[in-house]
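S.K.: next input, structure requested:
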Amino acid sequence: MPINAEYRGPGDLPQVIPVFPLPGALLLPRGQMPLNIFEPRYLAMVDDALRDGHRLIGMIQPDTSHSHDESRPALFRVGCVGRITQLAEAGDGRYILELTGIARFKVIEEMTVLTAYRQCKVDYFPYIDDFIARKGEEAVDREALLTVLTDFLTANNLKVDWEGVESAPNEALVNALAMMSPYGPAEKQALLEAPDLKTRAEVLVALTEIELAKTGTSDDTPLQ
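M.R.: Residues are numbered from 1 along each chain as shown. This is a model prediction of the structure:
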């Protein structure tokens, strides 16, 4: 999805951003994530992001395995910042919005703030390649990805727009499938933290093959 702002590198993004901890949520660069915002603190976060003009929200998963306070769980160290590219008022106090992913970040520290929502100082430089669209997509094993996707759809009696799949560039295909995948927070975090697109595709294939093996529907011939 085209956006009005151009982000050419880490210097184009603020170092301190609001973060939205959401388990199982995976946002990736240039991917689109719909969100239904209804909690007062996150409604305020959206208002502030719009008021400040940056329109940015950092999506990050809570790390429940290392949390001692359920009301304020620890956070994973890696998330992805997105820009609000669509917003609608639901009429009942909710916002329906869409985030478009820009770049991943590492959390340097969580800030002490007066806002009800959390804010973190972050570093985008470890993921500087995220600013280059379609970086490394030629290394993706598209055939392996489509094979395991076909097996998964068949096993779960699901259908897909194959015309759209076949026309999608490798980056869009890998990231969309990763974001839509039905896996848990740990698996989603592994997909997020994959160092490059090729590795993310390999992780996605491996996770799907494991899932298919559990149901006894995987192909006898392993993907190469």
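S.K.: which residue packs closest to Gly9, ignoring adjacent ones?
M.R.: Nearest residue to Gly9 in three dimensions, chain neighbours excluded: Phe131, at 5.4 Å (Cβ to Cβ, 6 or more residues apart in numbering). In this view, the C-beta of every residue, glycine as well, is placed from N, C-alpha and C.
S.K.: isn't that neighbour up against Arg8?
M.R.: Yes. Using Cβ atoms under 8 Å, Phe131 makes contact with Arg8 at a distance of 6.2 Å.
S.K.: shaky segments in the protein?
M.R.: 1, 67, 217-224 (pLDDT under 70).
S.K.: let's see that with 90 instead.
M.R.: 1-3, 64-72, 156, 158-160, 214-224 (pLDDT under 90).
S.K.: need the contact list for Glu39.
M.R.: With contact set as Cβ atoms under 8 Å, 6 or more residues apart in numbering, Glu39 has no partners.
S.K.: related to what we said a few turns ago, next, count neighbours for the residue nearest to Gly9.
M.R.: As a burial measure, Phe131 scores 18 neighbours (other Cβ atoms under 10 Å).
S.K.: next: Ala133.
M.R.: By the criterion of other Cβ under 10 Å, Ala133 has 11 neighbours.
S.K.: check Asp129 too.
M.R.: 14.
S.K.: which SS state does it fall under?
M.R.: helix (DSSP: H, G, I helix; E, B strand; the rest coil).
S.K.: list the contacts of it.
M.R.: Shown in contact with Asp129 (Cβ under 8 Å, 6+ apart): 135-136, 196.
S.K.: of those residues, select the buried ones using a PyMOL command.
M.R.: Paste this into PyMOL to select the buried members of the contacts of Asp129, with burial taken from 16 or more other Cβ atoms under 10 Å:
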select buried, resi 136
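S.K.: out of the contacts of Asp129, who's nearest Pro34?
M.R.: When the contacts of Asp129 are ranked by distance to Pro34 (Cβ to Cβ), Lys135 comes first, at 25.2 Å.
S.K.: my read: the closest one touches Leu197, true?
M.R.: Yes. Counting by Cβ under 8 Å, Lys135 does reach Leu197; the two are 7.0 Å apart.
S.K.: anything in contact with each of the two?
M.R.: The contact sets of Lys135 and Leu197 overlap at Glu171 (Cβ under 8 Å, 6+ apart).
S.K.: tell me the centre residue of this protein?
M.R.: With distances taken as Cα atoms, centre = their mean, the residue of the chain nearest its centroid is Leu27 (1.4 Å).
S.K.: Ile60 versus that residue, what's the distance?
M.R.: According to Cβ to Cβ, to the nearest Å, Leu27 and Ile60 sit 9 Å apart.
S.K.: so what sits against both of those two?
M.R.: 79-80.
S.K.: list the buried residues of stretch 150-160.
M.R.: 151-152.
S.K.: would you confirm that Ile57 belongs to a strand?
M.R.: Yes. Assignment of Ile57 by three-state DSSP places it within a strand.
S.K.: just give the number of residues close to Ala90.
M.R.: When counting by other Cβ under 10 Å, one arrives at 11 neighbours for Ala90.
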